[in-house]
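Peer 1: Kindly return the folded structure for what I paste below:
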Amino acid sequence: MFREMRRKRQQLDEAACRAVLERGTSGVLAVSGDDGYPYAVPLSYVYNGGKLFFHSAKSGHKIDAIIRSSKVSFCVIDQDQIVPEEYTTYFRSVIAFGTVRILEDDNEKREAVRMLAVKYAPDDTEENRERAIEREWKPLCMLEMEIEHMTGKEAIELAVKK
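Peer 2: Presented below is the predicted three-dimensional model:
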């Protein structure tokens with residue numbers, strides 16, 4: 001179903017892919033957009049338990065696309081060091097493929113938004129986080145992506161250094 005990577009020497013193993021997802025702070029969610037055009041949108045996220053969680057407004061292009069088709073991909077760039085003298089970049093990235101769903105259950109939704117809040121404001125107090133969540137609760141939509149397949153790749157220069 002999913003293609004194998006051509007350049008196997010540059011492929012990251014599953015543990016390295018998970019580490020990239022855990023470290024990352026943003027990525028690009030790709031959905032099947034309007035009129036057959038792909039729609040890719042940058043998002044903050046949290047990775048937990050083999051799943052990715054995103055926050056969203058309750059309506060818009062992304063939500064319409066997800067309602068039409070739950071199949072998505074999500075790309076995180078971990079490193080992109082430009083090396084001008086070599087006309088290349090020393091990159092590392094991961095692409096996850098899977099299905100996404102809108103969290104309807106308030107308990108699931110609250111747990112997901114709390115994970116995001118802790119990731120992006122780890123030094124804040126629980127009281128402040130809860131206040132912020134309550135303030136944004138009504139218009140908040142939370143999405144959960146179940147990862148079915150992921151691949152990671154890095155520049156050959158990085159792979160050789162290992």
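Peer 1: which residues in the chain form helices?
Peer 2: 14-23, 61-68, 106-120, 126-136, 156-161 (DSSP state H).
Peer 1: I'd like the ones you listed as TSV, with mean pLDDT, distance to residue 88 and mean neighbour count appended.
Peer 2: For every residue, glycine as well, the C-beta is placed using N, CA and C. Output for those, formatted as TSV (pLDDT from 0 to 100; distance: least, C-beta to C-beta, whole Å; neighbours: other C-beta atoms under 10 Å):
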stretch	mean pLDDT	distance to residue 88	mean neighbour count
helix 14-23	96	20	16
helix 61-68	97	33	16
helix 106-120	97	32	16
helix 126-136	95	42	12
helix 156-161	75	8	13
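Peer 1: who wins for proximity to residue 31 among the ones you listed?
Peer 2: Residue 31 lies closest to helix 61-68 among the helices of the chain, at 3.8 Å (C-beta to C-beta).
Peer 1: next one: that closest one to chain centre, how far?
Peer 2: 17 Å (C-alpha atoms, centre = their mean, to the nearest Å).
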